[in-house]
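K.L.:
sequence first, predicted coordinates after that:
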Amino acid sequence: MRVALFLTCVNDTLFPDTGRAVVTLLNRLGVDVDFPMGQTCCGQPQYNTGYRHQAEPLARRFADVFGEYDAIVTPSGSCGSMVRELYPRMGARARAEGRGDSLARAVAPVVPKTFELTEFLVDVLGVTDVGAYYPHTVTYHPTCHGLRGLRLADRPLRLLQAVKGLELRELPGAEECCGFGGTFAVKNADVSAAMGADKVRHAVSTGAEVLCAADNSCLTHIGGTMSRLRVGMRPVHLAEILASTEAEPLPWETQPQESRS
Amino acid sequence: MSSRDLILGRVRAALTDVPADDLPYERAVQRGYRQEHGERTLADTVDLLAENLADYRAIVHRTDEAGLPELLARLLAEHGTRSVLVPRGLPPHWLAASAAEQIQDRAEDTPRELDRIASVVTGCAVAVAETGTLVLDGGPDQGRRRITLVPDHHICVVRVPEQVVSSVPQALGRIDPTRPLTWISGPSATSDIELDRVEGVHGPRRLEVILAG
Amino acid sequence: MSDEKAPPPTHADAPPPALAEAPTPAPMPGDAPAFVGMPSFPRAARDAVRDTTLRANLRHATHTIRDKRAVAVAELDDWAALREAGRQIKDHTLRHLDRYLEQLEASVTAAGGTVHWAIDAEEANRIVADLVKATGETEVVKVKSMATQEIGLNEALADEGIHAYETDLAELIVQLGKDRPSHILVPAIHRNRDEIRDIFAREMSAWGRPAPEDLTDAPAALAEAARLHLREKFLRAKVGVSGANFMVAETGTLVVLESEGNGRMCLTLPETLISVVGIEKIVPTWRDLEVFLQTLPRSSTAERMNPYTSMWTGITDEDGPRSFHLVLIDNGRTDTLADEVGRQALRCIRCSACLNICPVYERAGGHAYGSVYPGPIGAILSPQLRGTGSEIDASLPYASSLCGACYDVCPVAIDIPEVLVHLRERVVEGGPVTRGGTKTVIRPARGHAAERAAMRAARWASTHPGVLRAGQRLASRTRRLHPRTLPGPGKAWTATRDLPPMPPEPFRDWWQRTNGGKDGLR
């Protein structure tokens, strides 16, 4: 099986550690994963802000870059749902606008082959215990596009529950949006910030050290709010927890976070 | 052009994408839902009705046909009712034991006159167990819609088990849409203050249901 | 490191401190409640977010009903099938609306009713005012109706010297408080019991029977005050005005669901009944009610069944009104119907489950939406009924984080996020729309030029990976120079959130340098 990592442009640029974690994890599980260098952005920022026509070339590009693989794995519920839910919708809209079937045909092959990381682990590889070790208290925030878009259900929690040393704390109001919402975070900054602060308040109330989610976009918002409110809690992507083992804790986990001057 | 023709014209112009051979109604609607929820005996269905009526603060009593006059007399007396509204077709023996003055439901009475009467006794057309609902259709033992509205105390007699159905779909199948219908589930209530339910606003604040049979 | 002062950490029960400061009063409308000239959503929401009382009221009420709804829905193991059937019934009806409107007109007429058609609010108001004047009456009692709020009927009747009394408890609170509604089901949801007590004590005497001297803030006492205040009006009313939840085409039956009994009062005591209903409220058959009578109460008040449902077909001899008028209104609905994506908003049965679940509504409040239709459904309905020309209507499609909770709870499966994104496209790209029955092409809204340029640039960079990579590297290499707070639009981010640290290299550089990690993770 030829497996491609669709890391997403945000992770590539801002969160390379998450990418390294996915690679480490999949390699450990015997999956040889490739990173097609032609990948860029799935087009979700354009699409969700109303620039559907700007997103179309990006969807075609995605289909070109990833078309040859048997499975496409992404550590983002949001970008995963863009491909799985919205690419077909974009194709249908183009057809309804009298622009033919070419977009729908172009994206059709990659849609069913695209998996969010926890789906790939649980459904394709059939594992929930990935042999991870992470001696921390963790609370899990299910992000909206993973929860209500891809319907990841309890897959992430089952994976976390199998991690040795990890103590899972239930997050109150877990299913409520953190307030990120892409450009919503700046277009409606006041409401977004209020939602983020409430999410952080709930997270802090669990007493956990770490807030885990499977999407770095939401974690940027939640983590940025935590940092500003100085609540002494940190955001960590699920992949980084799953990649960590007793023998090989992640190198970036063992070193103090580089602080910015 | 009349507004009627203008609106219908706009509707048609808006629907040019709908093909002439669009699915007909019968095939466009898949009724994959249940006609009733769960399988119950008749007795269980009546019990469920009683439970759901009570859950929404109706006061439920049970009696047989013979005990009905005594029970009605007692309930009216307990409420302190001196005059009771009576639909024209209410079985006369129901109120035979009551001392309350019986006032017939008449078209010429004004709402203000009805407002002076404490209680009303009616039958019903059908009762729905799953939702705890009484349906009144203006039949002879139920009278005009307003008589079960203006007095503050409504006693409704349900003949069990024959007037009880399990579900909303079954109830709709039993009633005639052309009649004036009132579905009643518990006494008047509101959720308008902080979205919390409070019983007792404009309709009868006391709803008593007698399951007779 | 900037020496900017960070707020103290949050407590579990207190509202977030950064946001709880400087409470400002809720926007209080003047004597003429109106939505014209509303500021855009973000500005209106900012005031609401800072109003701690309002936020506490909304949080309490929406969370209460949210949990109850989930319980009521879970009682039915065939909820998904009911929801799907509801969607199909409404979709089919909309796709053949002309046929069902004609059928409804025929059946209502055959049952003794009179059907009127109104192309817009002005015509609807004129029809109703003329009907009332023909009775010689100068007051009407009203049961809560979104359609009459939408067309501003009370104000139009007042201009004709006709007094319209709202009789729904929450509507009464809004009317007495000279306020605007902020919720579809509970228009006074933004008021707590304490505020309601004050409004009743202060205002009831000017409208009729005063509130009892010893009125407390107990909900039962407030309900009792409303009962006494309104009873007088019900008993003397000669004209009732209503909307309808459903109209059955095959039988001509109208259906109103309510709780308090004020609906029954308005529908059965007056001699004349005027029902103002949007053309999309039709269902084809009597049987179709079996779906909505199960889904609507559970979705709106979280009850198995609401206390009272009235169904009437034309007029009945010696029971209820002697004359019945049905005013069918378009007022932007046919324009909405013409949009193949946006059309689904007309499936709405006004349950308000989407408001109650929405995290944005909970914090922004209903007034920020600048319409009688607030919340997620309002954000897709108002810009379609009214067009995206005004500042508020152009901002509504963005009043959502696209979290999808509204779609999940919708009993007729309106994909609200899909329509929001579709309307965002209409705002930023313009394109073909139908306005006033005429197909036209609108231009992009003003104020999006910089964003449009940025989106194009991002798309261009993303279709030229070399450019993207050069940008990533530049960002990484200059990371020590990045400011902690951003200027321009970025300021909206850094006002409340820190930026993540820029990594020393993008993932793709690491991948190439280490041969995909095979040469070591560092």
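P.N.:
On my side now, so go ahead.
K.L.:
for chain A, what's its nearest residue on chain B.
P.N.:
Taking Cβ to the nearest Cβ as the measure, the point where chain B comes nearest chain A is B:D17, at 8.1 Å. Every C-beta, even on glycine, is put in place using the N, C-alpha and C of the backbone.
K.L.:
and that residue, helix, strand or coil?
P.N.:
Here B:D17 takes the coil state, with states given by DSSP: H, G, I helix; E, B strand; the rest coil.
K.L.:
residue 88: neighbour count?
P.N.:
Here I'm looking at chain A. Residue neighbour count, defined by other Cβ atoms under 10 Å in any protein chain shown, stands at 16 for A:P88.
K.L.:
wrong chain, I was asking about chain B
P.N.:
The number of residues packed around B:R88, counting by other Cβ under 10 Å, is 12.
K.L.:
the helices in chain B, which residues?
P.N.:
For chain B, the helices defined by DSSP state H cover B:3-14, B:25-28, B:42-55, B:68-78, B:111-114, B:168-174.
K.L.:
out of these, which is closest to C:L228?
P.N.:
Within those, the stretch nearest C:L228 is helix B:111-114; the backing value is 14.8 Å (Cβ to Cβ).
K.L.:
excluding sequence neighbours, find me the nearest residue to the residue of chain B closest to chain A.
P.N.:
Closest residue in space to B:D17, ignoring its immediate chain neighbours: C:E340 at 5.7 Å, by Cβ to Cβ, 6 or more residues apart in numbering or on different chains.
K.L.:
B:L49 now?
P.N.:
With Cβ to Cβ, 6+ apart as the criterion, B:L49 has its nearest non-adjacent residue at 4.0 Å, and that residue is B:A129.
K.L.:
give me the phi and psi for the one you found.
P.N.:
For B:A129, the backbone dihedrals are phi -70, psi -50 (criterion: degrees, to the nearest 10).
K.L.:
ok, now which ones touch it?
P.N.:
For B:A129, the contacting residues are B:40, B:45-46, B:48-49, B:52, B:164-167, taking Cβ atoms under 8 Å, 6 or more residues apart in numbering or on different chains as the criterion.
K.L.:
do that again at 10 Å, thanks
P.N.:
With contacts taken as Cβ atoms under 10 Å, 6 or more residues apart in numbering or on different chains, B:A129 has the following neighbours: B:36-37, B:40, B:44-53, B:161, B:164-167, B:170-171.
K.L.:
kindly report the same for C:R426.
P.N.:
Listed by Cβ under 10 Å, 6+ apart, the contact partners of C:R426 are A:50, C:339, C:341-342, C:383-384, C:387-388, C:394, C:397, C:432-433, C:442, C:444-445.
K.L.:
I'd like to know the average pLDDT value across the helix or strand hosting it.
P.N.:
Using DSSP states H and E, C:R426 falls within helix C:416-429. Throughout helix C:416-429, pLDDT has a mean value of 96.
K.L.:
what does stretch B:29-41 give?
P.N.:
96.
K.L.:
and it, which residues are buried?
P.N.:
B:29, B:31, B:33-34, B:37 (16 or more other Cβ atoms under 10 Å in any protein chain shown).
K.L.:
just these that are near chain C?
P.N.:
If you filter those for contact with chain C, counting by Cβ under 10 Å from any Cβ of the partner chain, you are left with B:29, B:31, B:33-34, B:37.
K.L.:
what about the closest residue to chain C within the stretch 151-261 of chain A, distance to chain B?
P.N.:
When scored by Cβ to the nearest Cβ, the stretch 151-261 of chain A has A:G181 as its residue closest to chain C, at 2.8 Å. Here the distance between A:G181 and chain B works out to 26 Å (Cβ to the nearest Cβ, to the nearest Å).
K.L.:
got a list of what the residue lying closest to that residue once chain neighbours are set aside touches?
P.N.:
Sequence neighbours aside, C:S401 is the residue nearest to A:G181 in space, at 2.8 Å (criterion: Cβ to Cβ, 6+ apart). Residues near C:S401 by Cβ under 10 Å, 6+ apart: A:48, A:144, A:177-185, A:188, A:191-192, A:195, A:218, A:221, C:358-360, C:417.
K.L.:
how about C:S401, phi and psi?
P.N.:
Recorded main-chain torsions at C:S401 are phi -90, psi 10, according to degrees, to the nearest 10.
K.L.:
helices along the stretch 1-150 of chain C, start to end?
P.N.:
Across the stretch 1-150 of chain C, reading from the start of the chain, the helices by DSSP state H, counting those that start in this stretch fall at C:17-20, C:41-50, C:52-74, C:79-95, C:97-110, C:121-135, C:146-150.
K.L.:
pLDDT on the first one, on average?
P.N.:
To tie it back to what came earlier, the one meant is helix C:17-20. 33.
K.L.:
follow-up on the earlier one: closest to chain A out of the helices of the stretch 1-150 of chain C?
P.N.:
helix C:41-50 (4.4 Å).
K.L.:
in three-state terms, label C:G490 for me.
P.N.:
Judged by three-state DSSP, the three-state class of C:G490 is helix.
K.L.:
dump the residue contacts of it.
P.N.:
Counting by Cβ under 10 Å, 6+ apart, C:G490 makes contact with A:186, C:483, C:499.
K.L.:
return the subset of these lying in strands.
P.N.:
Judged by DSSP state E, the subset of the contacts of C:G490 located in strands is empty.
K.L.:
buried subset of those?
P.N.:
When the contacts of C:G490 are checked for burial by 16+ other Cβ under 10 Å, the buried set is A:186, C:499.
K.L.:
lowest pLDDT pick from the contacts of C:G490?
P.N.:
Comparing pLDDT over the contacts of C:G490, C:P483 scores lowest. The value there is 74.
K.L.:
strands of chain C, start to end?
P.N.:
If DSSP E is used as the criterion, the strands of chain C fall at C:114-118, C:139-142, C:163-166, C:239-242, C:246-248, C:253-258, C:272-278, C:282-283, C:308-313, C:323-329, C:431-435, C:438-442.
K.L.:
how far is the fourth one from where the chain is centred?
P.N.:
Pointing back at strand C:239-242 there. 23 Å (Cα atoms, centre = their mean, to the nearest Å).
K.L.:
same deal with the shortest one?
P.N.:
On the basis of Cα atoms, centre = their mean, the separation between the geometric centre of strand C:282-283 and that of its chain is 21 Å.
K.L.:
can you pull the pLDDT of the residue nearest to A:E248 when sequence neighbours are not counted?
P.N.:
For A:E248, ignoring the flanking residues on the chain, the nearest one in space by Cβ to Cβ, 6+ apart is A:T24 at 8.0 Å. The predicted local distance difference test score for A:T24 is 95.
K.L.:
which strand or helix spans A:T24?
P.N.:
Take DSSP H and E as the rule and A:T24 turns out to sit in helix A:16-28.
K.L.:
only the buried residues of that helix, if you could.
P.N.:
The neighbour-count criterion (16+ other Cβ under 10 Å) identifies A:16-26 as the buried residues of helix A:16-28.
K.L.:
nearest to C:E105, of those residues?
P.N.:
Using Cβ to Cβ, A:T18 is the member of the buried residues of helix A:16-28 that sits closest to C:E105, with 61.2 Å.
K.L.:
show me what contacts that closest one?
P.N.:
When contacts are counted by Cβ under 10 Å, 6+ apart, A:T18 touches A:7-8, A:10-12, A:75-76, A:117, A:214-216, A:219, A:236-240, A:243, C:507.
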